[in-house]
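In: Structure for the following, please:
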Amino acid sequence: MSSNSSRPLRPNRRVVVTGIGAVTPLGNNFVDSWRRALAGESGIGPVTRFPVDQFDVRIAGEVKGFNPEPLINKKDQRKLDLFCQYAMSSAHEALAMSKLEITPELSEKAGVVIGVGIGGLPTIEDQAGVFLEKGPGRITPFFVPLSITNMASGHVSIRWNLKGPSFTVTSACASGAHSIGESAEIIRRGVCDVMVAGGSESTICPLGLGGFASMKALSKRNEDPAKASRPFDRDRDGFVLAEGSAVLILEELEFALKRGAPILCELTGYGTSSDAYHMTNPSPGGEGACRAIQMALQDAKLNPEAINYINAHGTSTSMGDAMETQAIKNAFGSHAKKLLVSSTKSMTGHTLGAAGALESAFCVATIRDQKIAPTINLENPDPECDLDYVPNKSRSYTINHALNNSFGFGGTNACLIFSRLL
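Out: All right, here's what the predicted structure looks like:
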C-alpha cells in the first residue's frame, strides 16, 4: 500500500472551486456560454439531427459545431457517445483554467464524479435498430461501453490519470448537483485533495424527444424556439430538451493555496432530500425542495438572510415553477422577496443530468464576476411566481453567497451553496 493510501482522514476540510469547463447550447466552452448567458441570448432552435415532421415538438437546445479534436481523435470518437465527448471537453477546459497538473504523486488523491441522467440513449436507439434489421451479430462491440452512464467519469479518469474515486451519480435532473456535492464530501473527509465533478447529457434523438413529448412535458412553441423556454412566465407550456456538459475542479483549500491555484469561490453548503411523494410531480408546497435548501444552509452554517442569489431549477413547467417559488418562500420567509432569482434554463433549455452542474458553474461565475444572468422571456409574470427573477436583462449586484437548486424525477432534490472566499 502506498503512503498516500495510508494517510489518516481529516474531516471537515474546506472545499474551493478552481476551474470551470462547459459545452452547452450557448457555446462549446464555458467562456462563450457565460458571455452569451449574460447577454440574454437563447441557444434553442429547430432540431437539425433527424427529421421531425412527425413530432409535435420540433425544437431543442442542441450543441452546435462541436469538434472534439484534437482532444479525441477520429478513431476514438467511435468509442465515445456524445455525452462522454462533452464531459471530456469540459474537463479539459476546467483543468486548464485551474492550472492543475495531475502528477503521479497526486493521482491517487484525485478523483472524478460526473453525473449522467440517461446516458447513451442515441447509441441504444441506433443499435436496437441494427439488431432488429440485421440481427444480434451486427451489434457493435462498443455498444455497452458507449451507452453506460459511468463511462463519462471513466474516460475522464483514464485520460487524466485520476486514481481516486471514479463513479457516476444518476439522479435524473439532479445528477450534476449531486455529483458536485458528493465530490465535496469526498474532499471534506480527506479521501482526496482534488475532484473533477460535474454532469453531462446528450439525449436529443427520436426516442428522447418523443419520450418527453409523450409526457406532455415539452414546450410546443415550434415557431418561435428562442422564446419557448420561459420559466415563471404565465404563458409557459413546458421545458425544452437540451444537451451539454459542465465540470468544476474542486480542491481542498490548503492544497489549492499551497500550489497558488486561481480560487474562484468556496463550496460551503450541500443539502439533499427526497419528496417521497410521486415519480414525476413535486411534493405539495415544495416541501422536499424546501428541506434540501434548509439542509444546505445548515451545512454552510449560514442564516437564510446571507443568501443573495438563487440559480433556480426553473424548468418552465407550470407545476414545477410554482412549486419552486413556494419552496423558496417557505425556506427564506420574508427574505425571499429580497432575493435575486434567475433561471438560466430560459437560455440553455433543460440539459437533464448536466443541468445541476451547468447551473453550478453559472453560480461560480456569478460570484467571480458579480453579475447575474437573467431569466429571459419573462414577459407576463405568473401571479403564483412573484419573486424577483431578474427578467430579461443581466444585473450587477454584490453576491457573497449563491444557491443552486436542482430537482429531479423520483422526487430527488439537491442544493448547493457557493460563497466568496473570505
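
In: Residue 200: what secondary structure?
Out: Secondary structure for residue 200, judged by DSSP: H, G, I helix; E, B strand; the rest coil, is strand.

In: what sits against it?
Out: Counting by C-beta atoms under 8 Å, 6 or more residues apart in numbering, residue 200 makes contact with 83-84, 86-87, 90, 114-116, 152, 244-246, 353-354, 357. Bear in mind the C-beta positions are built from the backbone N, C-alpha and C, glycine included.

In: Bridged to it, which residues?
Out: residue 245 (DSSP bridges).

In: quick one: it from residue 158, how far?
Out: Relative to residue 158, residue 200 is positioned 15 Å away (C-beta to C-beta, to the nearest Å).

In: likewise residue 327?
Out: Residue 327 sits at a distance of 40 Å from residue 158 (criterion: C-beta to C-beta).

In: residue ranges of the helices in the stretch 51-200 of the chain, please?
Out: 74-77, 82-98, 121-134, 143-147, 151-160, 175-188 (DSSP state H, counting those that start in this stretch).

In: which one among the contacts of residue 200 gets closest to residue 170?
Out: residue 116 (6.0 Å; C-beta to C-beta).

In: For the closest one, give me its contacts.
Out: By C-beta under 8 Å, 6+ apart, the contact set of residue 116 is 83, 149, 150, 152, 168, 170, 175, 199, 200, 201, 353.

In: how near is the residue nearest to the last one when sequence neighbours are not counted to residue 408?
Out: Closest residue to residue 353 apart from its sequence neighbours, by C-beta to C-beta, 6 or more residues apart in numbering: residue 117 at 2.9 Å. The spacing between residue 117 and residue 408, counted by C-beta to C-beta, is 8 Å.

In: between those two, what contacts are shared?
Out: With C-beta under 8 Å, 6+ apart, residue 117 and residue 408 have common neighbours 171, 172, 173, 175.

In: what is the first one paired to in the beta sheet?
Out: By that I understand residue 171. Beta bridges link residue 171 to residue 173, judged by DSSP bridges.

In: what pLDDT does it get?
Out: At residue 171, the pLDDT value in this model is 97.

In: likewise the one 10 residues further on?
Out: The predicted local confidence for residue 181 comes out at a pLDDT of 98.

In: quick one: contacts for the residue nearest to it when sequence neighbours are not counted?
Out: Closest residue to residue 181 apart from its sequence neighbours, by C-beta to C-beta, 6+ apart: residue 270 at 3.8 Å. Neighbour list for residue 270: 180, 181, 184, 185, 295, 296, 299, 414, 415, 416, 417 [criterion: C-beta under 8 Å, 6+ apart].

In: hang on, isn't residue 85 packed against residue 74?
Out: No: using C-beta atoms under 8 Å, residue 85 is not in contact with residue 74; the gap is 11.8 Å.

In: so how far is residue 322 from residue 380?
Out: Applying C-beta to C-beta to residue 380 and residue 322 gives a distance of 15 Å.

In: An error on my part: the question was meant for residue 111.
Out: From residue 111 to residue 322 the distance is 38 Å (C-beta to C-beta).

In: of those two, who's got more company?
Out: Of the pair residue 111 and residue 322, residue 111 is the one with more neighbours under other C-beta atoms under 10 Å, namely 26 against 18.

In: per-residue pLDDT, the nearest residue to the more buried one once chain neighbours are set aside?
Out: Residue nearest to residue 111 in three dimensions, not counting chain neighbours: residue 164, with 3.0 Å by C-beta to C-beta, 6+ apart. Residue 164 is assigned a pLDDT of 98 by the prediction.

In: give the contact list for residue 164.
Out: So residue 164 contacts 107, 108, 109, 110, 111, 112, 186, 191, 192, 194, 195 (C-beta under 8 Å, 6+ apart).

In: Determine which two of these are furthest apart.
Out: Using C-beta to C-beta for every pair in the contacts of residue 164, the one that comes out farthest apart is 107 and 186, at 14.9 Å.

In: More neighbours: which of those two?
Out: Counting neighbours by other C-beta under 10 Å for residue 107 and for residue 186 shows that residue 186 has the greater number, 20 against 17.

In: Need the nearest residue in space to that one, chain neighbours excluded.
Out: Leaving aside its sequence neighbours, residue 186 sits nearest to residue 192 (C-beta to C-beta, 6+ apart; 5.2 Å).

In: Look up how far residue 182 lies from the one you found.
Out: If you go by C-beta to C-beta, the gap between residue 192 and residue 182 works out to 11 Å.

In: quick one, which of the two is more surrounded?
Out: Set residue 192 next to residue 182 and count neighbours by other C-beta under 10 Å: residue 192 wins out with 25 against 19.

In: Over to that one: give its phi and psi.
Out: When quoted as degrees, to the nearest 10, the phi and psi of residue 192 stand at phi -130, psi 160.

In: Surely it touches residue 109?
Out: Yes: at 5.1 Å, residue 192 counts as touching residue 109 under the criterion of C-beta under 8 Å.

In: chain center to stretch 244-255: distance?
Out: Mean C-alpha position of stretch 244-255 versus that of the full chain (C-alpha atoms, centre = their mean, to the nearest Å) differs by 13 Å.

In: Can you mark which positions in it are buried?
Out: 244, 245, 246, 247, 248, 249, 250, 251, 252, 253, 255 (16 or more other C-beta atoms under 10 Å).

In: Apart from its neighbours in sequence, what residue is nearest residue 372?
Out: Closest residue in space to residue 372, ignoring its immediate chain neighbours: residue 395 at 4.8 Å, by C-beta to C-beta, 6+ apart.

In: what about the one you found, neighbour count?
Out: 16.

In: is it true that it touches residue 370?
Out: No: judged on C-beta under 8 Å, residue 395 makes no contact with residue 370 at a distance of 9.9 Å.

In: Looks to me like residue 296 is in a strand.
Out: No: using three-state DSSP, the assignment for residue 296 is helix, not a strand.

In: got a list of what it touches?
Out: 269, 270, 271, 403, 415, 416, 417.

In: swap the cut-off to 6 Å and go again
Out: By C-beta atoms under 6 Å, 6 or more residues apart in numbering, residue 296 lies in contact with 269, 270, 271, 415, 417.

In: Let me know the helix or strand that the second one is in.
Out: Going back to what we said before, that points to residue 270. strand 265-274 (DSSP states H and E).

In: ok, that strand: who's next to it in the sheet?
Out: Sheet pairing for strand 265-274, assigned by DSSP bridges, gives strand 15-23 (antiparallel), strand 412-419 (antiparallel).
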